[in-house]
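>>> everything below, folded, please.
(one chain, ligands or ions: 1)
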Amino acid sequence: MLVSEVFRLQVAKLHLGRPTMRASQQDFENALNQVKLLKKDPGNEVKLRLYALYKQATEGPCNMPKPGMLDFVNKAKWDAWNALGSLPKETARQNYVDLVSSLSSSSEAPSQGKRGADEKARESKDILVTSEDGITKITFNRPTKKNAISFQMYRDIILALKNASTDNTVMAVFTGTGDYYCSGNDLTNFTSATGGIEEAASNGAVLLRDFVNSFIDFPKPLVAVVNGPAVGISVTLLGLFDAVFASDRATFHTPFSQLGQSPEACSSYTFPKMMGSAKAAEMLLFGKKLTAREAWAQGLVTEVFPESTFETEVWTRLKTYAKLPPNAMRISKELIRKNEKEKLYAVNAEECTTLQARWLSEECMNAIMSFVSRKPKL
Ligand SMILES: CCCCC/C=C/C(=O)SCCNC(=O)CCNC(=O)[C@H](O)C(C)(C)COP(=O)(O)OP(=O)(O)OC[C@H]1O[C@@H](n2cnc3c(N)ncnc32)[C@H](O)[C@@H]1OP(=O)(O)O
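The predicted structure follows:
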């Protein structure tokens, strides 16, 4: 039997999961009513956020002339709306619904002991999300599989970023549990699905597009604390981060050709732009694995730290950054990202379409089958 036939049979068992949910107009209207029933005043910062998301969801990007410096209230409202840049109406509507829902549940939730407004935790098995000291920490937490990303983990991360974009934390930080940062896409995602392989690939492409868009759209500083080796999509995503701090134990590997696949997470655009086309080709075409220092030399990593002091030095630094004025950081990030956004959406869409076809190719099926049928270690 051909490997591709074996693969098809295995894929017949695959269940890819649903594409991300989007808030309907009805959800949005319910949220508008719910906001009037809040028991507690959510505070000015949140009210401004609600105002901005409402305007963005109903009118699109800020279209009003900027109020004068002394018109404090209208200036603050204008700043909040304008900071959303070109956030799509649909995303703003979803963020509004999520924010209201988090406000409603927090005003109803029983007291959580020492967890207060600036410290809360949301649990998910393989993705840990905690908020402390103004930082949302998102941890790949599947060390027995080197933190490989399952379909559920993609969905958990989309949700975590959505929540972090509107909560009261100042930045989001990704890191990994155990010796790896992340070993990339879980290569068994496609071999344990139900339904047809074409359907699985099509759903995978939708999920990937939404996942990468949630990084493109994230409005606050986004930092990676790369504690160990990083593979595949966990590397390519770094091109969408604002800072990457790496342990000198970390490596950066994108073995797409070896897997019969193609680059994702906008790396076909961000990597050549960042490191030049020759160095980008070494990684994306030939799968050259970079050390942390090589990745720093190519501009993929901001700073490399010795493993022995990595955690202490990096988290001390991040806690200091998290005390900087949040609106200034958000607005600066918006300025940096603004002119690139449409390009990034387009690159992401094209990469997903290309990958969808790659997943159905003989080259890719052979590579995945050879990984899943490796001999177990003694
Ligand atoms: C829908 C969205 C799609 C997005 C497109 C994304 C593409 C990519 O990310 S491509 C990159 C995919 N990743 C890989 O190719 C890495 C595959 N893994 C490995 O090469 C190795 O496991 C390793 C180098 C990461 C680690 O090697 P080693 O130290 O020898 O450890 P083991 O191989 O024994 O791994 C322990 C355990 O973890 C499982 N595992 C590791 N990585 C993955 C993975 N990516 N997917 C699934 N499972 C993985 C490995 O199978 C072992 O499991 P057990 O045998 O059950 O102990």
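>>> contacting residues for the most centrally placed residue in the chain?
The C-alpha lying nearest the average C-alpha coordinate of the chain belongs to Phe215 (Cα atoms, centre = their mean; 4.1 Å). Contact analysis of Phe215 by Cβ atoms under 8 Å, 6 or more residues apart in numbering lists 161, 222, 237, 240-241, 265. Bear in mind the C-beta positions are built from the backbone N, C-alpha and C, glycine included.
>>> scan those residues and report the most crowded one.
Ala265 (28 neighbours; other Cβ atoms under 10 Å).
>>> pretty sure that residue is touching Gly232, no?
No. With contact defined as Cβ atoms under 8 Å, Ala265 does not reach Gly232; the gap is 9.2 Å.
>>> report pLDDT for the residue lying closest to Leu161 once chain neighbours are set aside.
Excluding the flanking residues, the one nearest Leu161 by Cβ to Cβ, 6 or more residues apart in numbering is Ser214, at 4.6 Å. Ser214 is assigned 98 on the pLDDT scale.
>>> ok, Ser214 to the ligand distance?
Distance of Ser214 to the ligand, computed by Cβ to the nearest ligand atom, to the nearest Å: 13 Å.
>>> same check, this time on Gly60
Here Gly60 is placed at a distance of 30 Å from the ligand (Cβ to the nearest ligand atom).
>>> report how many residues lie close to the closest residue to the ligand within the stretch 101-250 of the chain.
Nearest residue of the stretch 101-250 of the chain to the ligand, counting by Cβ to the nearest ligand atom: Gly232, 2.2 Å away. By other Cβ under 10 Å, 23 other residues sit near Gly232.
>>> contacting residues for it?
Counted by Cβ under 8 Å, 6+ apart, Gly232 has contacts 183-185, 253-256.
>>> now do it, the pLDDT please.
98.
>>> what's the pLDDT at whichever residue of the stretch 251-378 of the chain sits closest to the ligand?
At 5.0 Å from the ligand, Glu264 is the closest residue in the stretch 251-378 of the chain, using Cβ to the nearest ligand atom. Turning to Glu264, the model gives it a pLDDT of 98.
>>> also Glu108?
So, for Glu108, pLDDT stands at 48.
>>> how about Glu282?
98.
>>> looks like it contacts Glu294 (just checking).
No. In this structure Glu282 lies outside contact range of Glu294 using Cβ under 8 Å: 9.8 Å.
>>> what parts of the protein come near the ligand?
Residues of the chain lying close to the ligand by Cβ under 6 Å from any ligand atom are 145-146, 148, 183-188, 204, 207-208, 231-233, 255, 259, 261, 264, 377.
>>> who wins for neighbours among the contacts of Gly232?
Neighbour counts for the contacts of Gly232 (other Cβ under 10 Å) peak at Thr254, which has 31 neighbours.
>>> now the residue of the stretch 101-250 of the chain closest to the ligand: how far from Leu50?
As defined by Cβ to Cβ, to the nearest Å, Gly232 lies at a distance of 38 Å from Leu50.
>>> what's the distance between the residue lying closest to Pro263 once chain neighbours are set aside and Lys66?
The spatial neighbour of Pro263 that comes closest, neighbours along the chain excluded (Cβ to Cβ, 6+ apart), is Leu284 at 4.8 Å. Between Leu284 and Lys66 the computed distance is 42 Å (Cβ to Cβ).
>>> no further questions, thank you.
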